[in-house]
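Chemist: Quick one: sequence and predicted model below, then my questions.
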Amino acid sequence: MARDTAAAAGKNSTTAQGLAGTFGDRATGTYNILTPTLNRMATNPQGFSPQTMANMTTAAKQSIGGATAATVGQGNLQAARTNNAGAFAPVATQAAHDATAALSDASLGVQNRNAMLQEQQRGEGISGLEGLYGENVGAGESALGLSNQSLQTQNQARQNGWLQNTMGILNTISNGARAASGA
């Protein structure tokens, strides 16, 4: 029975070591793919693409341009209705000023959203690298721990064979004989 246990424990240890190797190989493959990407995210996040930023800025300009045109159009209409073209000039000037300020705010908003996205990507890159490291190291250590447990079981099983039992009995008799002769 002890030999069967020792043999099974040896097989378990070999299996666990094979698993550790498999996890190591998988970790290497995963690292080869993900690590460069996560490193780029952590050290040089891309944020929005230049095309996306241009689209966002264009959308803001179109909205502001539309609002400014509506204000100017409404002012011209009011000037025509009232026959007072001079009253419209300050309104048009204020509309242009407001549109310029809104455009500046919109452009700054695009830049701020890009900076926030870059920081988010940086954090995700670092978290991803930490997760990969911990997962793969943990899996490898777990597999090696299983190997160690199997080897301990194998060693204990080898200590319980018929020879070890006979040696234990002989040691007990020998110790008893020494104790009897010394008394």
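Modeler: Thanks, I have it. This one's a predicted model, so the numbers in the text were calculated from it and none came from an experiment.
Chemist: Distance check, R40 against R122.
Modeler: 10 Å (C-beta to C-beta, to the nearest Å). Quick note: C-beta positions are derived from backbone N, CA and C, even for glycine.
Chemist: Could you list the low-confidence segments of this protein?
Modeler: Counting by pLDDT under 70, the ranges of the chain that qualify are 1-3, 5-6, 157-164, 183.
Chemist: of R40 and R122, who's got more company?
Modeler: Neighbours were counted for R40 and for R122 using other C-beta atoms under 10 Å; R122 has more, 16 against 13.
Chemist: Verify the stated contact: that one with N39.
Modeler: No. At 10.9 Å, R122 and N39 do not qualify as touching, with contact defined as C-beta atoms under 8 Å.
Chemist: Can you give me the neighbour number for N84?
Modeler: Look at N84: counted by other C-beta under 10 Å, it has 10 neighbours.
Chemist: And G75, by the same measure?
Modeler: The tally of other residues near G75 (other C-beta under 10 Å) stands at 19.
Chemist: Mind giving me the packing neighbours of the helix or strand it falls within?
Modeler: Counting by DSSP states H and E, the element that carries G75 is helix 50-82. Using 3 or more C-beta pairs under 8 Å, 6 or more residues apart in numbering; DSSP states H and E as the contact criterion, the secondary-structure elements in contact with helix 50-82 are helix 88-158.
Chemist: ok, and for the next helix or strand after the helix it packs on, which residues are buried?
Modeler: Later in the chain than helix 88-158, the nearest helix or strand by DSSP H and E is helix 162-182. By 16 or more other C-beta atoms under 10 Å, helix 162-182 has no buried positions at all.
Chemist: Excluding sequence neighbours, find me the nearest residue to the residue positioned nearest the centre of the chain.
Modeler: The residue lying closest to the centre of the chain (C-alpha atoms, centre = their mean) is G128, at 2.0 Å. Nearest residue to G128 in three dimensions, chain neighbours excluded: L38, at 4.4 Å (C-beta to C-beta, 6 or more residues apart in numbering).
Chemist: list the helices and strands the host helix or strand of that neighbour packs on?
Modeler: Per DSSP H and E: L38 is located in helix 2-43. Contacts defined by 3+ C-beta pairs under 8 Å, 6+ apart place helix 2-43 against helix 88-158.
Chemist: Check which helices and strands the helix it packs on sits against.
Modeler: Judged by 3+ C-beta pairs under 8 Å, 6+ apart, the packing partners of helix 88-158 are helix 2-43, helix 50-82.
Chemist: how many degrees apart are it and helix 50-82 in direction?
Modeler: 150 degrees (axes from the mean of the first three to the mean of the last three C-alpha atoms, to 10 degrees).
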